[in-house]
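**Q** Sequence and predicted structure, then a few things I'm wondering about:
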Amino acid sequence: MTAPMPSSETTVILEPVAVGDERAGAHTWRAFRRDPLGMISLALLILLVVIAIAAPLIAPYPASYGPDVLRPPSGEHWFGTDALGRDVFSEVIWGTQQSVLVAVAASVIAIVFGTIIAVLGAYFRRLDWVISVIVDMTLSLPVLPLMILIAALVGPSTSTIILVVAAFSWPEVTRLVRSQALTVVGLPYVDASRLMTTSPWWIITRHLLPAVTPVIVVSVVVTASRAVLSAAGLAFLGLGDPTTWSWGRILYEAQQAGAMVSAWWLTLFPSIAILVLVLSATLLSIAYNDARNPRHLAR
């Protein structure tokens with residue numbers, strides 16, 4: 001007596017979707033478009049990138065000082081002015097350029113380094129325990145005090161912030177990608193590929209890396225949002241680049257001038273900008289992860 005066949009719904013859910021399958025990619029994009037929060041988050045992130053690129057066309061570079069000191073938002077100054085009479089709208093626009101640069105550069109460095117370490121550890125199991133110990137030790141360290149210490153010792157600059165943020169972001173990427181890579185290494189098609197070639201690099205580049213690419217995409221978005229928060233925190237503590245405008249620098253100078261309470265607009269608008277970027281990145285990663293759920297592919 002033969003065993004009963006599983007239902008069609010169960011078969012679809014358990015059936016692995018081939019990485020790089022164009023039909024699966026189309027279904028994922030279709031499911032993502034049905035999520036209004038995902039589309040809004042994507043539109044906001046694209047808008048921030050456009051603002052960062054077109055900052056010189058949107059607002060002039062903030063002057064050293066101005067005649068209107070601590071003026072509230074008005075038709076002349078949309079976001080008001082700071083303690084030196086500079087236009088806060090221009091500061092926020094040019095701060096977008098700096099924040100997006102730090103987010104992209106730090107996340108790219110963290111993703112590339114973390115992914116390489118994770119993939120090598122998953123494939124070469126002799127290295128896995130060493131990598132696991134290093135990752136666990138790094139994640140157990142107090143991140144914020146160490147970031148402050150390193151930034152203070154090296155000196156405030158954009159490159160310092162990018163490297164410091166990336167140095168403390170790659171372990172989380174490694175742990176996330178490694179968990180997915182370990183699952184892929186044990187699949188039958190990877191074992192079959194070992195019979196076809198003795199080159200581990202061919203297997204890693206042709207099978208392992210494409211399989212963990214969706215996890216990497218989610219890691220990029222999450223790491224970028226954390227990079228923005230870390231960079232803003234360092235700049236607020238006076239460890240940011242003093243020659244470049246950033247959202248954290250706006251908050252730092254408002255605090256230094258003692259105007260954070262009396263001039264509410266100095267903290268409101270850069271805080272909203274930070275919130276929009278971080279929240280959009282987080283919602284985008286959630287929407288993308290939900291769209292890749294096999295339940296959506298069955299629809």
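**A** Thanks, I have it.

**Q** got the buried residues for the helix or strand hosting residue 275?
**A** Under the criterion DSSP states H and E, the helix or strand holding residue 275 is helix 265-291. Buried residues in helix 265-291, counted by 16 or more other C-beta atoms under 10 Å: 265-267, 269-270, 273-274, 276-278, 280-281, 283-291. C-beta: built from backbone N, CA, C; applies to glycine.

**Q** same question, stretch 206-220
**A** Buried residues in stretch 206-220, counting neighbours by 16+ other C-beta under 10 Å, are found at 207, 208, 209, 211, 212, 214, 215, 216, 217, 218, 219, 220.

**Q** For these, please prepare a markdown table with the additional fields distance to residue 147, secondary structure and pLDDT.
**A** Putting the buried residues of stretch 206-220 into a markdown table (distance: C-beta to C-beta, whole Å; DSSP: H, G, I helix; E, B strand; the rest coil; pLDDT from 0 to 100) gives the following:
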| residue | distance to residue 147 | secondary structure | pLDDT |
| --- | --- | --- | --- |
| 207 | 36 | helix | 79 |
| 208 | 32 | helix | 83 |
| 209 | 30 | helix | 85 |
| 211 | 33 | helix | 81 |
| 212 | 27 | helix | 84 |
| 214 | 29 | helix | 78 |
| 215 | 25 | helix | 81 |
| 216 | 24 | helix | 83 |
| 217 | 26 | helix | 78 |
| 218 | 23 | helix | 78 |
| 219 | 19 | helix | 80 |
| 220 | 20 | helix | 81 |
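
**Q** and those residues, which two are the farthest apart?
**A** Between all members of those, the longest pairwise span (C-beta to C-beta) is found for 207 and 220 and amounts to 21.0 Å.

**Q** Could you tell me the per-residue confidence at residue 22?
**A** On the pLDDT scale, residue 22 is placed at 48.

**Q** Give me the helices and strands touching the helix or strand harbouring residue 224, please.
**A** Assessed by DSSP H and E, residue 224 sits inside helix 209-236. In this structure, helix 209-236 packs against helix 88-123, helix 143-154, helix 158-167, helix 170-185, helix 247-256, helix 265-291, with contacts taken as 3 or more C-beta pairs under 8 Å, 6 or more residues apart in numbering; DSSP states H and E.

**Q** what about residue 223, neighbour count?
**A** Per other C-beta atoms under 10 Å, the neighbour tally for residue 223 reads 28.

**Q** still on that earlier bit, of all the helices and strands packed on helix 209-236, which one is nearest residue 76?
**A** Of all the helices and strands packed on helix 209-236, the one in closest proximity to residue 76, counting by C-beta to C-beta, is helix 88-123 (10.2 Å).

**Q** what distance separates the closest one from the middle of the whole chain?
**A** 6 Å (C-alpha atoms, centre = their mean, to the nearest Å).
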